[in-house]
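**Q** quick one: sequence plus predicted model below, questions after.
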Amino acid sequence: MVDKKLSGAGLRGQSAGETSLCTVGKSGSGLTYCGYDVSDLADNATFEEVAYLLFNGELPTLDQLATYKAELNSLRDLPQALKEVLQRIPQDAHPMDVMRTGCSFLGNLEPENDFSEQNRAANRLLAAFPAIMCYWYKFSHEGVEIDCVTDEDSIGGHFLHLLNGKAPSEQHRRVMDVSLILYAEHEFNASTFTARVCASTLSDMFSCVTGAIGTLRGPLHGGANEAAMDMIQTFSSPKDAKVQMAGMLERKEKIMGFGHAIYRTSDPRNVIIKAWSEKLAHEHGDTSLYDISVACEEFMWDSKKLFCNADFFHASAYHFMGIPTKLFTPIFVCSRLTGWAAHVMEQRTNNRIIRPSADYTGSEPRKVTPIEAR
Ligand SMILES: CC(=O)SCCNC(=O)CCNC(=O)[C@H](O)C(C)(C)COP(=O)(O)OP(=O)(O)OC[C@H]1O[C@@H](n2cnc3c(N)ncnc32)[C@H](O)[C@@H]1OP(=O)(O)O
Ligand SMILES: O=C([O-])CC(=O)C(=O)O
């Protein structure tokens, strides 16, 4: 893994365009948004500041941030027609399918009519996603029709408040904020590339984001945080984790939350969320899941030189905050929407339809045999 060659299948190592939004694996800790190191942003900024940065290229002043947050806060409620659609989605639906439908349906109600409305569309989705997720979750699982508006100042706090029906602790607000910052943007990852391909046809923001949600859903991408949670919950102790993981590797199973398409030796987001996971474990009063996670990390590095990606310690961190596992990847959507939308806007400023070529491996030219003769 350390000497991983960034070439070959999956377009690995090939440049597919330009971006001024993000670098992955190039400088600083290995991840920068518009020139700022992600660890600096996680320590010294809020998610709303990062959203503003991605949409405008610069961090906001105090006044700009206040105006931006007031705008976002005014866009949180859901139209009645969308609530009715969410009510009809069954409890056993995949929550990423709920997000995909919620996004797509909102695009029917409040379409982006032309590109001058792109910021409105992006901000609307940013403000509404926590409610789309929680409204469906609370209605389908508890039969409760929640109020989609809270007086929470931040998107992270708003989400936790909607989910739990009460104000979260300061620590939980901060962890959610950091988590949203860490997940916000990551260059030409699969879901963002999907959004850019869609944008390159001059399609609308809601279509670009809907496609991106479908791409993030898979376990090789955003779905890994839920898969990691499901896995660590089956381990009874750090020792058991190592034994079970050895078996998984022997059976050539993929271990979710480990490895990365671009990073070679570490994912800079891991150390940040891992530290929060440890703090939350102590607050939780039972560190066993954290200790198991650390054992997994040690085992994977010692045996395969594979490291935790952003998803692995997010699993235990979210779990300690009482978030149901099935909502882990939808939270990723609430954050990555900023990266997706920023890339859609960037693609539109210098667009050419994205249409690569393929190397043909099929039959030589041949004639159709009449159907009765086949
Ligand atoms: C936020 C995010 O989206 S981060 C990514 C989240 N996804 C996951 O955690 C899923 C698990 N990880 C993986 O499947 C992969 O590491 C990916 C999809 C992230 C990257 O895929 P690739 O770039 O193709 O991986 P890479 O080229 O580094 O793989 C090298 C070798 O390590 C193996 N490998 C890589 N990751 C893992 C893993 N998590 N578990 C077991 N083996 C692995 C590959 O199978 C490959 O083995 P091979 O050479 O015998 O075929
Ligand atoms: O960059 C990638 O391939 C996957 C990833 O870590 C992300 O999207 O955050």
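**A** Noted; the coordinates are in hand. Ligands and ions are numbered 1, 2, ... in the order given.

**Q** quick one, what contacts the closest residue to Arg120 other than its chain neighbours?
**A** Using Cβ to Cβ, 6 or more residues apart in numbering and skipping the chain neighbours, the partner closest in space to Arg120 is Glu112 (7.6 Å). (C-beta placed from N, C-alpha, C; glycine too.) Shown in contact with Glu112 (Cβ atoms under 8 Å, 6 or more residues apart in numbering): Gln118, Arg120, Ala121, Asp204, Met205, Phe206.

**Q** what about the last one, how many residues close to it?
**A** For Phe206, the number of neighbouring residues by other Cβ atoms under 10 Å comes to 21.

**Q** just checking, it touches Ala122?
**A** No - the pair Phe206 / Ala122 is not scored as a contact, 10.0 Å apart, by Cβ atoms under 8 Å.

**Q** let me know the helix or strand that the residue nearest to Arg120 is in.
**A** Per DSSP states H and E, Glu112 falls between elements, in no helix or strand.

**Q** any idea which residue is closest to the centre of this protein?
**A** Most central in the chain under Cα atoms, centre = their mean is Phe332, positioned 2.9 Å from the mean C-alpha point.

**Q** is it true that it touches Gly218?
**A** No - with contacts counted by Cβ under 8 Å, Phe332 stays clear of Gly218, the gap being 11.8 Å.

**Q** which residues in the stretch 1-150 of the chain form helices?
**A** Taking DSSP state H, counting those that start in this stretch as the criterion, the stretch 1-150 of the chain carries its helices at 38-44, 47-56, 62-74, 80-87, 95-109, 118-142.

**Q** any chance of those in JSON lines, plus distance to Ala16?
**A** JSON lines is the format used below for the helices of the stretch 1-150 of the chain (distance: least, Cβ to Cβ, whole Å):
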{"stretch": "helix 38-44", "distance to Ala16": "22"}
{"stretch": "helix 47-56", "distance to Ala16": "19"}
{"stretch": "helix 62-74", "distance to Ala16": "31"}
{"stretch": "helix 80-87", "distance to Ala16": "34"}
{"stretch": "helix 95-109", "distance to Ala16": "24"}
{"stretch": "helix 118-142", "distance to Ala16": "22"}
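
**Q** among these, which comes closest to ligand 2?
**A** Evaluated with Cβ to the nearest ligand atom, the helices of the stretch 1-150 of the chain place helix 38-44 nearest to ligand 2, the distance being 10.6 Å.

**Q** contacts for the closest one, please.
**A** With Cβ under 8 Å, 6+ apart as the test, helix 38-44 has contacts from 28-29, 31-33, 49-50, 53, 178, 181-182, 268-269, 271-272.

**Q** is the residue nearest to the centre of the chain in a helix, a strand, or coil?
**A** helix (DSSP: H, G, I helix; E, B strand; the rest coil).

**Q** pLDDT wise, what is it at?
**A** Note on Phe332: pLDDT of 98.

**Q** quick one: contacts for it?
**A** Tyr183, Leu216, Gly222, Asn225.

**Q** which of the residues you listed fall in helices?
**A** Residues of the contacts of Phe332 located in helices (DSSP state H): Tyr183, Leu216, Asn225.

**Q** among these, which one sits closest to Met96?
**A** Taking Cβ to Cβ as the measure, Met96 sits nearest to Leu216 out of these, at 7.2 Å.

**Q** how close does the residue in the stretch 201-350 of the chain positioned nearest to ligand 2 sit to Ala184?
**A** The minimum distance from the stretch 201-350 of the chain to ligand 2, using Cβ to the nearest ligand atom, falls at Ala261 (4.3 Å). From Ala261 over to Ala184 the distance is 18 Å, taken as Cβ to Cβ, to the nearest Å.

**Q** ok, the two, which is more surrounded?
**A** Each of Ala261 and Ala184 has its neighbours counted (other Cβ under 10 Å); Ala184 has more, 26 against 18.

**Q** please tell me how far that one sits from ligand 2.
**A** Ala184 sits 9 Å away from ligand 2, going by Cβ to the nearest ligand atom, to the nearest Å.

**Q** of the contacts of helix 38-44, grab the buried ones for PyMOL.
**A** The PyMOL command for the buried members of the contacts of helix 38-44 (criterion: 16 or more other Cβ atoms under 10 Å) is given here:
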select buried, resi 29+31+32+33+49+50+53+178+181+182+268+269+272
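
**Q** list, out of the contacts of helix 38-44, those positioned next to ligand 2.
**A** The subset of the contacts of helix 38-44 within reach of ligand 2, by Cβ under 6 Å from any ligand atom, is empty.

**Q** out of the contacts of helix 38-44, which is nearest to Met321?
**A** Val178 (11.8 Å).

**Q** name the SS class of Arg366, please.
**A** Note that with three-state DSSP, the state of Arg366 is coil.

**Q** Phe193 too?
**A** Phe193 ends up helix, using three-state DSSP.

**Q** other residues contacting stretch 219-228?
**A** Under Cβ under 8 Å, 6+ apart, the answer for stretch 219-228 is 96, 189-191, 215-217, 254, 256-257, 309, 311-312, 314-315, 318, 325-326, 328-329, 332-333, 336.

**Q** which among the residues you listed end up buried?
**A** Buried subset of the contacts of stretch 219-228 (neighbour count, 16+ other Cβ under 10 Å): 96, 189-191, 215-217, 256-257, 309, 311-312, 314-315, 318, 325-326, 328-329, 332-333, 336.

**Q** related to what we said a few turns ago, for Pro238, state which of the contacts of helix 38-44 is nearest.
**A** Val271 (19.6 Å).

**Q** could you give the backbone dihedrals for that closest one?
**A** phi -60, psi -30 (degrees, to the nearest 10).
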